[in-house]
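In: give me coordinates for this.
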Amino acid sequence: MRHFLALLATTTFLAGAAQAATVYPLDRATILAGSPFDFKVELKNVVKQDDVKITVNGQDYKAVFGSEAQFVADEKGKEDKSLGSAVILRDLKIAKPGAYVIEVTAGDEKKSVTWDVYGTSATPKAKNIIFMVGDGLSVAHRTAARLMSKGMTEGKASGRLNMDEMDRMAFIGTSATNAVATDSANTMSAYMTGHKTAVNAIGVYADRTPDSFDDPKVETLAEAIRRETKKSIGVVTTSELQDATPAAVVAHTRKRGDKPEITGMLLDVKPEVVLGGGSAYFLPKETVGSKRKDDKDYIKLFQEAGYSLATTKGELATAAGTNSGKILGLFHTGNMDTLLDRNFLKKGTVGKFPEQPGLVEMTETALNELSKNPEGFFLMVEAANIDKMSHPLDWDRAVVETIEFDKALGVAREFASKNPDTLIVFTGDHTHGVSIIGTVDDEKEGTEMREKVGTYDDAGFPNYTDADGDGYPDKIDVTRRLFLNANNGPDHYETFRPKLDGPFVPAIQNEKKEYVANEAYKDVPGAVFVQGNIPKSGDSGVHAVDDMVLQSTGPGSDGFKGYMEQSDVYRVLADTFALGTVASN
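Out: As a prediction, the model looks like this:
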């Protein structure tokens, strides 16, 4: 044993003797042929330019890349701290598919990475792609949506969801480059660029500098579509349009919170249809409700670019009939309200924004507008509130959002039935730690709600009804309802009941800036204190690392199978639209 430990110590010492530089794109990066990206080498030490040697497949990099990179003698961090030397080459393109081995040496620093540059089919497989993302969509959400919407009899579902009818399936790995757990920025960015990145980063590799806009960029799918085709682009979401998932379609920043700047990036790409919340970042700082720190009026700038503006459900219908070719829909200053609040409970901020359209209406409008382009389109649709309600453990709202998402998929499937040259991809960006463990039966004797939880054969079946046949339960506070439970979260009180008074706030900060159980729920009859299992700096449940389920149908869907990294999904999308400048065959 002592011999083994001595050998391990010696091996560790020798491994640490040569410092490793960092190269972006990272090892095993997959790069679309002809797609521009930034190349960067970060060295640990300050060195002379002549000491740096970079080869690509054994040749000097300049001969392969066709240009010389900028040498930064001493890259600076916060408080002017030296970070070491760097080499940067912006907007690099590699036209020829193949394996590229990049080797860097600078004194005792060495690094070798291999890139897979790939081409695509010579001709497109589909005219249109509808890419649908349920933010935070987990298997439990899907199962609960089916049970709540369709019911169950004698152990068999009494109906099918639209997502149950998709042809092909794959399991998707969601982890970030710097952590096994992840957020919506990295995950959606991987879908939209073909490159995995760090938590909170969008459309860039997260480098070591403090500036969130100088990190090595990679091209987004929307930019590739603009570069290679004449197709239209649509972005539909129930979140702020600057939020991580919609932002990843167009944006480049190390910090997903750069929402004012992301608005400008949205205008740079100019998707023909842009529908969602987040108007606060469009408004100049002097306007009430603005979250900008400058005088830029992005509503005016979009209108000057030819967009018809809609701020309500009625205005959206009017804008759809103008034939302007471009629609900007801004229906909330922040994130839009859930369907449960909009259509049934009238809680949240519905009183302030009473005319918000739903995801189904926005998807219908987007498809009607985008399909006018004879060249085809790419449409991204996000059901954002599945995630936003799962974080505070508000499962009823999250499940009803899943039903709405499934109905939006129904709109997409109906469109594809009439336009079979359409690929539909239906997935989530990451999961949540939630499972259905049974039911809660109010009719059981006693006041202790914990004793009303039914497991195994004591669970029976929930008794939701849908008398009007709209696919939504007539009410969620039925006497025997599903019991969804999180495996993570802060200290909180479990009430075993739907949150009819407004979205759940499980924990609040105390004087120590720690999150503790919100005592507003303490006196709810039968409420049970639940000890949290995440750091006390966290106020809500966190994402799970579980694989994501992806389903697809239509031309190109055969590319989705088995286990895939999220960055692999981009490759299938690019191949479907033949975006590679050189065919791989």
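In: got phi/psi on the closest residue to Tyr493 other than its chain neighbours?
Out: Nearest non-adjacent residue to Tyr493, counting by C-beta to C-beta, 6 or more residues apart in numbering: Tyr521, 4.0 Å away. C-beta: built from backbone N, CA, C; applies to glycine. As for Tyr521, its main-chain torsions (degrees, to the nearest 10) stand at phi -100, psi 0.
In: Tyr521 and Pro506, how far apart?
Out: Going from Tyr521 to Pro506 by C-beta to C-beta, to the nearest Å gives 8 Å.
In: who touches both of those two?
Out: His492, Tyr493 (C-beta atoms under 8 Å, 6 or more residues apart in numbering).
In: same drill for these two, tell me which one is more crowded.
Out: It is Pro506, of Tyr521 and Pro506, that has more neighbours when counted by other C-beta atoms under 10 Å, with 25 against 18.
In: got a list of what the more buried one touches?
Out: Counting by C-beta under 8 Å, 6+ apart, Pro506 has contacts Pro392, Leu393, Gly489, Pro490, His492, Tyr493, Ala517, Asn518, Tyr521, Asp539, Ser540.
In: from those, pick the one nearest Ser149.
Out: Leu393 (21.1 Å; C-beta to C-beta).
In: can you list the weak-confidence ranges in this structure?
Out: Scanning the chain for pLDDT under 70 picks out 1-18, 581-585.
In: scan it for its longest helix.
Out: Determined from DSSP state H, the single longest helix within the chain is helix 395-418.
In: could you list the buried residues of that helix?
Out: Residues of helix 395-418 classed as buried by neighbour count (16 or more other C-beta atoms under 10 Å): 395-413, 415-416.
In: what is that helix packed up against?
Out: Helix 395-418 makes packing contacts with strand 128-134, helix 139-150, helix 339, helix 359-370, strand 377-383, helix 385-390, strand 422-428, strand 480-486 when contacts are defined by 3 or more C-beta pairs under 8 Å, 6 or more residues apart in numbering; DSSP states H and E.
In: cutoff 6 Å now
Out: Contact here means 3 or more C-beta pairs under 6 Å, 6 or more residues apart in numbering; DSSP states H and E; on that basis helix 395-418 packs against strand 128-134, helix 139-150, helix 359-370, strand 377-383, helix 385-390, strand 422-428.
In: can you list these in CSV and add mean neighbour count?
Out: Output for those, formatted as CSV (neighbours: other C-beta atoms under 10 Å):
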stretch, mean neighbour count
strand 128-134, 28
helix 139-150, 22
helix 359-370, 23
strand 377-383, 28
helix 385-390, 28
strand 422-428, 26
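In: could you dump the ones you listed into JSON lines and include distance to Ala157?
Out: As requested, the helices and strands packed on helix 395-418 are exported to JSON lines (distance: least, C-beta to C-beta, whole Å):
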{"stretch": "strand 128-134", "distance to Ala157": "19"}
{"stretch": "helix 139-150", "distance to Ala157": "6"}
{"stretch": "helix 359-370", "distance to Ala157": "22"}
{"stretch": "strand 377-383", "distance to Ala157": "21"}
{"stretch": "helix 385-390", "distance to Ala157": "20"}
{"stretch": "strand 422-428", "distance to Ala157": "18"}
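In: for Lys93, find the nearest of these.
Out: strand 377-383 (21.4 Å).
In: which residues are in contact with the closest one?
Out: With contact meaning C-beta atoms under 6 Å, 6 or more residues apart in numbering, strand 377-383 is reached by 128-135, 225, 231-237, 245, 249, 359, 363, 366, 370, 401, 405, 408.
In: if you set the cut-off to 8 Å instead, what comes out?
Out: So strand 377-383 is contacted by 128-135, 137, 221-222, 225, 231-239, 245-246, 249, 272-273, 359, 362-363, 366-367, 370-371, 401-402, 404-405, 408, 412, 577 (C-beta under 8 Å, 6+ apart).
In: how about stretch 177-190?
Out: So stretch 177-190 is contacted by 26, 133, 135-136, 174-176, 195-203, 205-206, 243-245, 247-249, 256, 387, 429-430, 542-545, 548, 565-567, 569-570 (C-beta under 8 Å, 6+ apart).
In: list the buried residues in that stretch.
Out: Thr177, Thr182, Asp183, Ser184, Ala185, Asn186, Thr187, Met188, Ser189, Ala190.
In: go through these and flag which are in helices.
Out: Ser184, Ala185, Asn186, Thr187, Met188, Ser189, Ala190.
In: state the distance from the third one to Gln551.
Out: In this structure, Asn186 and Gln551 are separated by 22 Å, where distance is defined by C-beta to C-beta.
In: same check, this time on the first one
Out: Using C-beta to C-beta, we find Ser184 at a distance of 19 Å from Gln551.
In: go on, the fifth one?
Out: Distance, Met188 to Gln551, by C-beta to C-beta: 17 Å.
In: with the last one instead?
Out: The gap separating Ala190 from Gln551 is 18 Å, by C-beta to C-beta.
In: the stretch 51-200 of the chain: helices as residue ranges?
Out: 61-65, 139-150, 184-193 (DSSP state H, counting those that start in this stretch).
In: need these in a markdown table (columns: distance to Phe461).
Out: Converted to a markdown table, these look like this (distance: least, C-beta to C-beta, whole Å):
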| stretch | distance to Phe461 |
| --- | --- |
| helix 61-65 | 63 |
| helix 139-150 | 8 |
| helix 184-193 | 34 |
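In: nearest to Lys293, out of those?
Out: helix 184-193 (21.8 Å).
In: buried sites along the helix or strand that that closest one is followed by?
Out: Next helix or strand after helix 184-193 toward the C-terminus (DSSP states H and E): helix 221-228. Across helix 221-228, burial judged by 16+ other C-beta under 10 Å covers Leu221, Ala222, Glu223, Ala224, Ile225, Arg226, Glu228.
In: other SSEs contacting helix 221-228?
Out: Using 3+ C-beta pairs under 8 Å, 6+ apart, helix 221-228 sits against helix 184-193, strand 232-240, helix 259-269, strand 377-383, helix 566-576.
In: so can I have a markdown table of these showing distance to Lys78?
Out: Formatted as a markdown table, the helices and strands packed on helix 221-228 follow (distance: least, C-beta to C-beta, whole Å):
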| stretch | distance to Lys78 |
| --- | --- |
| helix 184-193 | 22 |
| strand 232-240 | 28 |
| helix 259-269 | 20 |
| strand 377-383 | 34 |
| helix 566-576 | 30 |
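In: who touches the closest residue to Leu221 other than its chain neighbours in this structure?
Out: Using C-beta to C-beta, 6+ apart and skipping residues adjacent in sequence, the residue nearest Leu221 is Met192, 4.8 Å away. Applying C-beta under 8 Å, 6+ apart to Met192 gives the contacts Gly203, Thr220, Leu221, Ala222, Ala248, Val249, Tyr570.
In: let's see that with 10 Å instead.
Out: 131, 202-203, 218-224, 245, 247-251, 380, 566-567, 569-570, 573 (C-beta atoms under 10 Å, 6 or more residues apart in numbering).
In: before we move on, the earlier item: run the angle between the longest helix of the chain and strand 422-428 for me.
Out: Put simply, helix 395-418 runs at 170 degrees to strand 422-428, going by axes from the mean of the first three to the mean of the last three C-alpha atoms, to 10 degrees.
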